Structure formats: C-alpha cells, structure tokens
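Q: 3D, please:
(chains A and B)
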There are 2 protein chains.
Amino acid sequence: MTKTHPITPCLLLDTARMTTNIERMRTRLQALGVALRPHVKTCKNIDIARQLTAGHPGGITVSTLAEADYFFEHGMTDILYAVGIAPGKLPAVADRMARGMALRIVLDHPQTAVAVAKAAKTFGTRFRVLIEIDADGERAGLRAEASELIEIAAILERAGCHVDGVMVHAGGSYHCDDTDSMRRMAERERDCAVTAAGRLREAGHEAPIVSVGSTPTATFAEDLTGATEVRAGVHVFQDLVQAGLGVCKIDDIAISVLTEVIGHRQEDGKLLVDAGWMALSRDRGTADQAVDQGYGLVCDETGQAFDDVIVTGTNQEHGIIGHRDGSPLNLDEFPVGTHLRILPNHACATAAQHEGYWIVDSPYQARRWLSRCRGW
Amino acid sequence: MTKTHPITPCLLLDTARMTTNIERMRTRLQALGVALRPHVKTCKNIDIARQLTAGHPGGITVSTLAEADYFFEHGMTDILYAVGIAPGKLPAVADRMARGMALRIVLDHPQTAVAVAKAAKTFGTRFRVLIEIDADGERAGLRAEASELIEIAAILERAGCHVDGVMVHAGGSYHCDDTDSMRRMAERERDCAVTAAGRLREAGHEAPIVSVGSTPTATFAEDLTGATEVRAGVHVFQDLVQAGLGVCKIDDIAISVLTEVIGHRQEDGKLLVDAGWMALSRDRGTADQAVDQGYGLVCDETGQAFDDVIVTGTNQEHGIIGHRDGSPLNLDEFPVGTHLRILPNHACATAAQHEGYWIVDSPYQARRWLSRCRGW
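A: Next up, the predicted model:
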C-alpha cells in the first residue's frame, strides 16, 4: 500500500542515521574479514535490505516464511530462515526451494531431523540445513559437544540433505553488564560455532557455513576467525536497549514514532498523546537496565531527545508522558497539538506495529513512504 | 487479503464461544435497559461488528480513524472515535463528516475546544463532540465538577458545534480486587457521567448522550439509570486478564494463537514453539494478578487448557513454554511438531499482531478466514 501523508501516530525513519549505522557495521566486519548476512526482520523492507547487503555477498536472514517470500519476490534468493523449523512448514519450504529460493533451514533436535528426512523423501527435496548451537542457555540449540550433533547430521545426510554447517545466536549478550563481558560473549559464540563445525567436519560433513551473531556481539567481537558470516539486524536502526548496552548512542537511533499531544493531566503534570502500545509496542526492554526508558524516550518534533522525559504508561491508543523521576512537567511547554517523537525500546517490536516508514529529513519533513512486509 | 490455509503461528477464533459472549452481554444490557455501542477496536472486523450490533441501535466505538474508515466503507455510519481528538486530525474528521460519516469526537481540554472551534470555521463543519469525564484518575477526562466542562461546552456552542454529551471510561475497573469493588466502580462511572451531563443541561446544552463503559463495569453494573449507552469491546473474545478479574471463565476465551513445537530445552524441561511476541504481543497484563499467566496460558490443539502450563518467555518468533512453578515438563508428551493453542493475556493486543482470524470448529479445523483492519 502507499500512504499519501503522515497521520499520527506513525513511524519515522531518519535515513542519514540509518546509513551511518549500516556503514559502521560494514567497516567493522570488513576489518574482521567476515561477511554480513543481515537479519531483515528488523527492517522488513527491500530498499533497506538492499542497502544492508551492498558490499556483502548478498544473503539475508529472515524470521518468517512471509519475509522469505517478500524478499524473494524482490529478487533476493540466498535466504536463511533462522528460527528452528516447524515440521508443519516443510511442505512450504520444499515449495519455495522448487521455485528457486536458496532457502536454508535451522534445527537442533533429532525429531526435527527425522521430520526433515521424511519430507525430503515425500517432496524429493534436498533440504539445506544449519544445525543450531547454543552458546549461553538463552533459547535454542545444542551444546557444541552434544552427541546429537553428529546424530542429526547423519540422519540428514542419509536423506540426501545438505549439512551446510552451524548457526549460533548468543542472545545472552543482551544481559551483559559491560563491553568486556560482551567481548567475552562474542568469543564464546565464535568458539561454540567453530567447535561444532569442526566436529561435523571430522565426521565427514562439509559444513561450509559457520554463522554467528547478534548486534551486540557483532559490535564487540575482536576476532571472528573460523566464522564465515555474521548475522545482525537491529544495528540498522539501533534502539534504547542497544544504547543501554553501550552498543550505540541515543543519537544513533534512526526510527521514532511521531505523536501529538491530546491532553494534560494537571493532577500529576503529565501529557496524554495519541501513541499507545499499538504504536509503540508493549516492549519494556529497558526495564532491567540502568536507565529505565519506560515505553520510550521522548524527543521534540525535530528529534532532539529530552533526557528525562519518557512514556510512563500506555493504553491501546493513549500514551502518558512524564518525567522519569515522576516530577511534574511544565505543561505550558507542551500545549495540545504539540508534535513529539518517541524513540523505541526495541526497534523490531516498535517497527512491527507499523505498516511502513515515513522517511524524514531533519528537521521533520515527510518525504517518502516505505512499506513493510508482515505476517507469517 | 485472503488466506488459503493456516500456517503457524496464526490466530484462531472459536465462534461458538464468541456468540455466547455476545449474547451474555446483550441479555445483561437489555435487562438494564441501555444500548450497547460496542468497541470494535478488539475485533476490527465487519462480520463480527455486525453480530455485536444486532439488536442494538447500530452505533459503534472506534479507537482510530482507520477503523472508522473501514467500518464506514462497510456501511456503518454512527461512529464514536473514543480517543481524545488530536487537532492535527480535524481536517480528516471534517472530510469524513462531509462524506456522510456520523462521526463523534471526544475532548477534555479547552485548548482542544479552541482548535475544534477554529477548524469548524475553516472547514464549515459542525463537529459533534462528547466531553470526556474522568471517574478514577486513570487516564483522561475532566472531573465531573470541573469548571472547564462548562467553559469547553461554551467554546463549542459558539462555534456552532454540537455538544452531544459526555463519555466516561472507568479504566480503574481493571485494578479492582473483587466483584464488589467493580460494582462500586460501575456506579462511580455512571454517577460521574450523569452528574456531568446534568451540569451541561443546566447550562443550556442538550447533551443527549451519556456514554459509559468498559467490559468489567458493563459486566457488573447493577443500575445504569441516566446512561444512554454502554461501551464494551473485549467481552467479544474475553481474555486471561478478564478471567483474572472474574469477568469471565477461562473457557469463555474465544481467540487463541495456534503454534507448533519446534524444540526441547532438556536442561530445564521447557518447550520451544514458533509463537513469540510477534504472534502473542508483549502484553503481561496478568503479571500483577493473583495468577500470573506469563505470555499466555497453553492449551492442547483442541483448546483444552493445561492449568499450569504457560508461555514463560518470548523472543520475536520464539516462545518458551513451561510449568508456571518452574518444574520441568515431561517433554515426551510434547514431541516436535505438536500443535498447541495459547490463550491471550489481552485479546486486543494479541489480535492486533495478526492480519485476521481463522474460524475454527472444535476440535480444531480451520473453516474460513476473516480479515482485520489496521493502522491509523
């Protein structure tokens, strides 16, 4: 769909900031000698994905088959679907491979491998598989030394599938307190991946791909020897969670939600605005960080942040804005009709609430609408 | 858009449960002698809205102009936009009124009234306005006895606008501990609305509309004398927050997210599924209730709830499922590929993550796809 003009609340994208973020990661990974396979679940837009992949081999990472379809329709073929495959989706994967998508899937359980082997026979498809390895107990994956690693590879190989290597995501990097611990997490992520890939190769599998990454570990890794690609996505926009981790500065954050003041709460010195959780998401990712940004940090219309003004509460289409310390705002400075921007805790979550972006210059002027794909 | 078959994660709708929920509220309000003006921000679908308004005067409540447009395109004209109007949206409101939408707006600030009066002159539009009244300090609205009430009405009247009455939403009903306090909250909501409307009438305004409501107060109100309409929306689907309040039973909840097991966490006896916060939302509305349902209560594929199995964590496209008390699940009972359903904390938030509903019979069989409107 195409939008003709912005109506609040809407998502703004500062492309100058985005380009700086993209270039910074590109320079960093070039120095480390490893390719980027950007995770496009953050942007979900083809123009941005093309900018992200420029200067890299061109492969992307997705989190849904709907994303895979959208980017394939726009000419991208080398796609890693980085969520453990649900057996119920194997017919859809086989269908896409038959239509020319170089789609790789991920799994970490012998039961899944058996399902993939069965589907390979049913559909005559040689699935391309990365085995997921765990670095930190955060979510999914086998330990690098697990016996199931070789068991799974053997099941896949017998079914004629490609054991293309391993994938690790150190989600624990989001709970690191300082840059030293993020560096150690990046090294652990690399080490687990390389160890697991080495075991596959010793067992006779080619395992050409060693895929690591998250925005924090990609930002702080000092040595990526043995890794063949890094996955990062949030770095394209950055957000308050990343700023809280020290991955970026507040002024690097490239997306914000434009909102308008609709009322004043005289009794506690707070503003009502027309951006609630529907526009901001319910994400509270900074709640456990040193600086709690509520449901988002507030900026003026030009994007200049107020250090101490946050969204303190949300309903579906209402936001409540106040000082972080609870002291009353001077409401005369924010008459009804004032436009404000809200920086997101989590770029992926906030962007997901919107159908697209308004590209803005600074100071605020909407120039162009970019749509996002969605669904599953 | 039309979907041809469900792919996990997706939103399921049990229409038998929905119909029971709708009939229960209809019967209750008929006994109290007051009309329902359903809040269609929960369902965002015309077929469901038609079922909700059957037997009522036909007016609806919306939370965005996008909803107003969608329902107007489907033949509904009597629309209350129940979020304090942003002055920047007045040109859009004037445009819709000129095209025949009987759109009412809401405000609570003299600055907004001045903006409405100015827009009335600019566009030659006699805006229809309800003045928002506060019952509990939760969000927006003037106190029933505030001097600004009469000031605002005078500004609007001088500009040729219609002072159509008052609107109250007792959001505090969501923090009541028992049904007695919800009854008292319903009475306070009614009393504030009737008092404010009485003051407008004494000042010479007709103020024919006295609009009250929330699903909890609509469920427990014992007397609605003086109110002309009740707004409720969540009751159409119900959810875990409402069940926690005693507004409904778990078995009344009509929507759920279908998901598939994609892995096992042997180390802590948890499941990985393909529904994360993108499919469930980040809503944690039961976190402060007596029973914390995590990111949702888990059911088998037929919709039968496991009392003690919840979604304990979410990433974008991953959910982690375990016992509420942290004890390990017997993972053998949930092999990879098992389908589960997840009941939502907050129906509005979970449904908002989806493009539409799969209507299901029980046991699970997808029959038909209903789309939702979205955006602003």
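Q: From what I see, residue A:273 and residue A:264 are in contact.
A: No: Residue A:273 lies out of contact with residue A:264 (CB atoms under 8 Å); the separation is 10.7 Å. All C-beta atoms are positioned from the backbone trio N, CA, C, and that covers glycine.
Q: Correct me if wrong: residue A:123 contacts residue A:96.
A: No: contact criterion CB under 8 Å: residue A:123 and residue A:96 do not qualify, at 11.1 Å.
Q: if I look at those two, which residues touch both of them?
A: Common neighbours of residue A:123 and residue A:96, using CB atoms under 8 Å, 6 or more residues apart in numbering or on different chains, do not exist here.
Q: So between these two, which is more surrounded?
A: Neighbour totals were compared for residue A:123 and residue A:96, and residue A:96 leads with 19 against 16 (other CB atoms under 10 Å in any protein chain shown).
Q: quick revisit: which one's more surrounded, residue A:273 and residue A:264?
A: Of the pair residue A:273 and residue A:264, residue A:273 is the one with more neighbours under other CB under 10 Å, namely 31 against 21.
Q: got a list of what that one touches?
A: A:259-262, A:311, A:318-321, A:340.
Q: Same check on residue A:343?
A: Contacts of residue A:343 by CB under 8 Å, 6+ apart are A:239-240, A:250, A:253, A:255-256, A:293, A:296-299, A:305.
Q: hmm, try it at 10 Å
A: A:237-240, A:243, A:250-251, A:253-257, A:280, A:293, A:296-299, A:303, A:305, A:310-311, A:350 (CB atoms under 10 Å, 6 or more residues apart in numbering or on different chains).
Q: SS state for residue A:211?
A: For residue A:211, the assignment made with DSSP: H, G, I helix; E, B strand; the rest coil gives strand.
Q: Roughly how far does it sit from residue A:174?
A: 18 Å (CB to CB, to the nearest Å).
Q: More neighbours: which of these two?
A: residue A:211 (28 against 24).
Q: any idea how far that one is from residue B:170?
A: For residue A:211, the distance to residue B:170 - CB to CB - is 52 Å.
Q: do the same with residue A:180
A: When residue A:180 is compared with residue B:170 (using CB to CB), they lie 51 Å apart.
Q: Those two - which one has more neighbours?
A: Neighbours per residue (other CB under 10 Å) separate residue A:180 from residue B:170, with residue B:170 holding more: 27 against 10.
Q: quick one: contacts for that one?
A: With CB under 10 Å, 6+ apart, residue B:170 has these contacts: B:134-136, B:138-139, B:141, B:176, B:182, B:185-190, B:192-193, B:212-214, B:216-217.
Q: From the residues you listed, list the ones also adjacent to chain A.
A: B:134, B:138-139, B:141 (CB under 10 Å from any CB of the partner chain).
Q: Pick the one among those residues closest to chain A.
A: Closest to chain A out of these is residue B:139 (5.9 Å), distances taken as CB to the nearest CB.
Q: Enumerate every residue touching that closest one.
A: Residue B:139 sits in contact with A:263, A:265, A:272, A:276, A:313, A:315, A:318, A:320, B:84, B:132, B:169-172, where contact means CB under 10 Å, 6+ apart.
Q: Restricted to helices, list the contacts of residue B:170.
A: Among the contacts of residue B:170, the residues falling in helices (DSSP state H) are B:182, B:185-190, B:192-193, B:216-217.
Q: Among these, which one has the most neighbours?
A: Going by other CB under 10 Å, residue B:217 tops those with 32 neighbours.
Q: What score does it have for pLDDT?
A: The score at residue B:217 is 94. That number is its pLDDT.
Q: Could you tell me which residues of the stretch 201-350 of chain A lie near chain B?
A: Near chain B, when you scan the stretch 201-350 of chain A using CB under 10 Å from any CB, you find A:233, A:258-268, A:272-279, A:281-285, A:313, A:315-318, A:320, A:335-339, A:345-346, A:348-349.
Q: Let's see that with 6 Å instead.
A: Within the stretch 201-350 of chain A, the positions lying close to chain B (CB under 6 Å from any CB of the partner chain) are A:260, A:262-263, A:272, A:274, A:282-283, A:316-318, A:335-337, A:348.
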